[in-house]
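Trainee: Pasting the sequence and the predicted coordinates here, then a few questions.
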Amino acid sequence: MALEIEGLRPAVLSPATREDLEELLKFRHLVRNIYGFELEPGRVEQLVEMTVALFPGLQSEIERFCNFLFDLYKQT
């Protein structure tokens, strides 16, 4: 979703958003594989704050891609 496919579609996610989402996926992997009993409260708090800060930009990027799709639909 972070790659533009030239002549087909733009990237859905910016490089910064992709990096933040990858960080959250790493955390998800950690939680699923150690069942959460080795979690560091400070790190969890950082990720929560990152998630809250990430949401408006992610929402905007997805809306921009939806607009691209809608414009593409109107051309047909």
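Mentor: Looks like it came in fine.
Trainee: so which helix or strand takes in the most centrally placed residue in the chain?
Mentor: The chain has Leu21 as the residue nearest its centroid, 4.2 Å off, counting by CA atoms, centre = their mean. Assigned by DSSP states H and E, Leu21 belongs to helix 15-34.
Trainee: now the longest helix seen in the chain and helix 15-34, what's the angle there?
Mentor: The longest helix of the chain (DSSP state H) is helix 41-74. If you take axes from the mean of the first three to the mean of the last three CA atoms, to 10 degrees, helix 41-74 sits at 130 degrees to helix 15-34.
Trainee: list the buried ones in helix 41-74?
Mentor: Residues of helix 41-74 classed as buried by neighbour count (16 or more other CB atoms under 10 Å): 47, 54, 58, 61, 65. Heads up, the C-betas are built off the backbone N, CA and C, glycines and all.
Trainee: Quick one: distance of it to the chain centre.
Mentor: Taking CA atoms, centre = their mean, to the nearest Å, one finds helix 41-74 lying 6 Å from the centre of the chain it belongs to.
Trainee: helices or strands next to that helix in the packing?
Mentor: helix 15-34 (3 or more CB pairs under 8 Å, 6 or more residues apart in numbering; DSSP states H and E).
Trainee: average model confidence for the helix it packs on?
Mentor: For helix 15-34, mean pLDDT rounds to 91.
Trainee: got the contact list for it?
Mentor: The contact list for helix 15-34 (CB atoms under 8 Å, 6 or more residues apart in numbering) reads 1-2, 13, 39, 43, 47, 50-51, 54, 57-58, 61.
Trainee: could you dump it to CSV, C-alpha only?
Mentor: Listed in CSV are the C-alpha atoms of helix 15-34, where the atom choice follows Å, rounded to 0.1, in the frame of the first residue of the first chain:
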residue,chain,number,x,y,z
PRO,A,15,6.5,6.5,3.8
ALA,A,16,6.1,8.0,7.3
THR,A,17,2.8,6.3,7.9
ARG,A,18,4.1,3.0,6.6
GLU,A,19,7.0,3.2,9.1
ASP,A,20,4.6,3.9,12.0
LEU,A,21,2.3,1.1,11.0
GLU,A,22,5.2,-1.3,10.8
GLU,A,23,6.2,-0.3,14.3
LEU,A,24,2.7,-1.1,15.5
LEU,A,25,2.8,-4.5,13.6
LYS,A,26,6.0,-5.4,15.4
PHE,A,27,4.4,-4.7,18.7
ARG,A,28,1.4,-6.8,17.7
HIS,A,29,3.7,-9.7,16.8
LEU,A,30,5.4,-9.4,20.2
VAL,A,31,2.2,-9.4,22.1
ARG,A,32,0.9,-12.4,20.1
ASN,A,33,4.0,-14.4,20.7
ILE,A,34,4.9,-13.7,24.3
